[in-house]
Structures are given as structure tokens and as C-alpha cells.
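Novice: After the sequence you'll find the predicted model.
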Amino acid sequence: MRVFLTAVAAVGLMSSAALANPWFEQGDAGDFPAGTYQVTQGFGPLTTIHGATNSATQDWVDSYCIKITDVQAFYATTNSAYDSNAMADWDTRLFLWDLQGNLIMANDDTPSPWSSLQSLLTDPSTYPHVLYNDPQYIIPDECYILSITGYSNDAMDATNTAMVAFGSDFDALHGQAPGTGPFSHWENLGATGEYTIALNGCTFCVPAPGTLALLGFAGLVMRRRR
Ligand SMILES: [Ca+2]
Ligand SMILES: [Ca+2]
Ligand SMILES: [Ca+2]
């Protein structure tokens, strides 16, 4: 009986973990591409990323590796009106990159009806304006880099030209502006603060070893029960 209860407890733990799995910034996440990015580790849906940027420590950007599992359902937002799990009381920007540093999409401010200075990356049909974006670029079950920074920090090419023309429409979903070169560095200025990015259609970049051990343990216990 004790073995059976242990198995039930282990499965119950996995179920609750699958419902909502946060990632908490470990130390300071790198800024990509000049620094590294932080590799999220865990099991099940990745639903929130909690962290902070801080101008006092020159921490202008935090970048995380995530895996997008459901392209249609995918979103990342700091706007609590869009997802009540999101949090940021400052003017955020979100960027999504592939691992080679090619820009997938970027947004500064959430469009109507959730209008706010916080940001939203999701299906292009959500936006009244999509500028230079190719929504076919996300490949299911591939890893991408999600960067959070603040207005008016820009991603720059090697000639110090902003890769995204946010000023042409802050509420739009943007791709890379025509005529700009590959991602080189950040401008490194602007708003910073604490944040919770709410996510959907994502999982962790790599499965956490501890979680795999738990799965193995549960399987062992259930086999012994038979
Ligand atoms: Ca940070
Ligand atoms: Ca950082
Ligand atoms: Ca903004």
C-alpha cells in the first residue's frame, strides 16, 4: 500500500508541475549576441519567466532560450491585461530571435484592446499592423531566444542602425527593417525593472535532470507495484 501511495504522490507532483512551470532568472541572464543567453531547464509547459533588468548595474537586456512547441498558440507578454500572470510596471520591449541571431519578431507596445506600454509577441493576425514580418519562420519544437529590454533600447547592426523601426508604429508586430544588417549589439539604454513574462505554447529549452529523475523514479515505483 505504501508503494502505491508513493507512486500516486509522484504522479500527482508531475501533474501539478505540468500545469504551471516557472523559470526564475539565475543570476543575470546574458544579453545575446554580445553575451550568452540563459538556458531554461524544466519539464512541461513553460508558463512564466521571472527576472529583472537594472540600469544601475548596466543590466539592459535579459535573453532566454525557450522551445516553441505550438506555433499557433504561442505568445509571450509582459501585459497583465493580456495574461494575468504577466507583470511589468515599466515600458518593456520583447524580441524573438533564432539561435543564429536572425530576428523573428519584436514588439514594443501591446495593441488595442489590451493597449499598454508592455509588450506582446504572438500570432501576426492579432495586430492591426505587421511590418516586415514572416510568420512562417517559427518551426515547431525548435529553440528560440526571447529577449526582454526596455524602451527605447534597440538591437543594432554593425553600422549602429536599429534593426527594428519601432518608431514607425510602436503597437505593430515588427520584423527586421529593410536595409539593416545582421544583429551586432544592443544600444544599451532605456527603461529597466522587474518582470514576469507570461508564455503560452512553449516548453523549456532542455529537460531538467531532476525532473527526468523523478519520472524514472515514478516509473520504477509503478513497475514494482505490478
Ligand atoms: Ca537581469
Ligand atoms: Ca542581463
Ligand atoms: Ca513598450
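Specialist: Nice, thanks for sending it over. Ligands and ions are numbered 1, 2, ... in the order given.
Novice: any bit of the longest strand anywhere in the chain sitting next to ligand 2?
Specialist: For the chain, the strand with the greatest residue count under DSSP state E is strand 142-150. No: on the criterion CB under 5 Å from the ion, strand 142-150 is out of touch with ligand 2, staying 8.9 Å away. In short, each C-beta sits where N, CA and C put it, glycine included.
Novice: beta partners of the residue most central in space within the chain?
Specialist: Centroid check for the chain by CA atoms, centre = their mean gives Leu146 as the closest residue, at 4.2 Å. Taking DSSP bridges as the rule, Leu146 bridges to Tyr64, Leu96.
Novice: Stretch 174-183: how far from the chain's middle?
Specialist: 20 Å (CA atoms, centre = their mean, to the nearest Å).
Novice: quick check: mean pLDDT across the longest strand of the chain?
Specialist: For strand 142-150, the mean pLDDT works out to 97.
Novice: same thing with stretch 95-104?
Specialist: For stretch 95-104, the mean pLDDT works out to 94.
Novice: who touches it?
Specialist: Residues outside stretch 95-104 that contact it (CB atoms under 8 Å, 6 or more residues apart in numbering): 32-33, 63, 65, 76, 105-106, 121, 137-138, 142-147, 149, 155, 163-164, 175-176, 182-183.
Novice: Selecting buried members of these in PyMOL, what would you type?
Specialist: Buried residues within the contacts of stretch 95-104, by 16 or more other CB atoms under 10 Å, are selected in PyMOL with:
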select buried, resi 32+33+63+65+76+105+106+121+138+143+144+145+146+147+149+155+163+164+175+176+183
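Novice: burial measure for Phe166, as a count.
Specialist: For Phe166, the neighbour count with other CB atoms under 10 Å is 20.
Novice: Distance check, it against Met105.
Specialist: Noted for Phe166: a distance of 12 Å to Met105, by CB to CB, to the nearest Å.
Novice: Which neighbours do those two have in common?
Specialist: Common contact partners of Phe166 and Met105 (CB under 8 Å, 6+ apart): His174.
Novice: Could you find the closest non-adjacent residue to Ala172?
Specialist: Leaving aside its chain neighbours, Ala172 sits nearest to His129 (3.9 Å; criterion: CB to CB, 6 or more residues apart in numbering).
Novice: Quickly find the element holding the closest residue to Glu25 other than its chain neighbours.
Specialist: In this structure, Glu25 finds its nearest non-sequential neighbour in Gly51, 3.1 Å apart by CB to CB, 6+ apart. Per DSSP states H and E: Gly51 is located in strand 46-52.
Novice: partners of that strand, with directions?
Specialist: By DSSP bridges, strand 46-52 pairs with strand 21-24 (parallel), strand 194-200 (antiparallel).
Novice: Do any residues in the shortest one lie close to ligand 1?
Specialist: No: Strand 21-24 lies out of reach of ligand 1 by CB under 5 Å from the ion, never closer than 11.1 Å.
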